[in-house]
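Peer 1: I'd like to go over a predicted model; first the sequence, then the structure.
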Amino acid sequence: MDERVLFCVGAQKAGTTWLHAYFQAHPEIHVPLVKEMHYFDDRFGPEAGQFAKRRAARAPKGPAAGGAPLSYPSPAYTAALLSMHRDPTSDHTAYRRLLSDGARPGQVLADITPSYALLDQFGFAEMMRAFPCARFLFILRDPVNRLWSSLRMLHDERRGSDQTASPAALAERYLKGGLAHVRRRGAYDRTIAALDASVPPDRMLFVFYEDLFTDASLKRICSHIGVRAWPGDFASTVRGGRAAPLPDDLAGRLYADLAPIYARLETRFPGRLPASWRRMETVTPN
């Protein structure tokens, strides 16, 4: 297969929703109606099968018949999503069909699913096998800031539970070894190692979230995909969360927990980490 496909594999809370909106406005790029396909992580990731179950539980009632292209949300689109998850074919026929649904000839197909960052090298190798012309993009955000944003999102999703009284309470659970799914999503070093083992360097692009909202970064991304540069709406905020300042003492403890990742990233990207990232030499790891 020679489809031109971009896989944006994350990271979670690193501008992927804004990038999805940017791609929607780009005439040479097609994104599916549902932002996150969750196809490869649901098939090959550590939480395999869980997203399909959640989609099935939320499926709207009604006839599954629909025209082409499909509309979202609708029973027809949900039925197509569930069929995609159940597809046993080795060439991922149902996924290909839904990924390209509504695309115009020649457009790059973009799948933006941050949970793909959970895949190991074999999952990424399968993506390369199925889509030999694929390009990959990984957006890295300051690890502590990304984690705090993720905890705030989790708090908003679970508000009302005694165990999620505040984002800070969730941070305490994280520091005590809980919230393993949150920790997995921040393991940049593990994701990068898996990508390095499976994706040729010329097919891989790493971008820092702190630099994302610039013409220069969008030009790099468009060049990587093979499309012309297109202006971005840098004034827009897509699904921005509620502000919640990170207390200084908690920030220091989270940084100490994540200091090994900062160190590995400094080794992987020497001299390239954004100046706004916390300096790893300021805190001694626990």
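Peer 2: Yep, it's here. Numbering: from 1, shown residues only.
Peer 1: Give me the neighbour count for P32.
Peer 2: Counted with other Cβ atoms under 10 Å, residues neighbouring P32 total 24. Where you see a C-beta, it was placed from the backbone N, CA and C, and this is true even at glycine.
Peer 1: Can you tell me the closest non-neighbouring residue to it?
Peer 2: When the adjacent residues along the chain are set aside, P32 lies closest to L99, with 5.9 Å between them (Cβ to Cβ, 6 or more residues apart in numbering).
Peer 1: Quick one: low-confidence residue ranges for the stretch 51-200 of the chain.
Peer 2: Scanning the stretch 51-200 of the chain with the threshold set as pLDDT under 70 gives 60-69, 159-164.
Peer 1: which residues does the closest residue to R185 other than its chain neighbours contact?
Peer 2: Leaving out its chain neighbours, the residue that sits closest to R185 by Cβ to Cβ, 6+ apart is Q12, at 4.8 Å. By Cβ atoms under 8 Å, 6 or more residues apart in numbering, Q12 lies in contact with 114-115, 117, 146, 150, 185.
Peer 1: For those, which two are the farthest from each other?
Peer 2: Greatest spatial distance in the contacts of Q12: S115 and R146, 14.4 Å, computed using Cβ to Cβ.
Peer 1: S236 against W18, yeah?
Peer 2: Yes - when contacts are counted by Cβ atoms under 8 Å, S236 is listed as touching W18 (7.2 Å).
Peer 1: quick one, which of the two is more surrounded?
Peer 2: Neighbours were counted for S236 and for W18 using other Cβ under 10 Å; W18 has more, 20 against 11.
Peer 1: ok, now how distant is that one from T191?
Peer 2: Plainly put, W18 is 20 Å away from T191 if you go by Cβ to Cβ, to the nearest Å.
Peer 1: tell me the helices in the stretch 101-250 of the chain, going along the chain?
Peer 2: When assigned using DSSP state H, counting those that start in this stretch, the helices of the stretch 101-250 of the chain occupy the ranges 121-130, 143-158, 167-175, 180-185, 188-198, 209-212, 215-225, 248-268.
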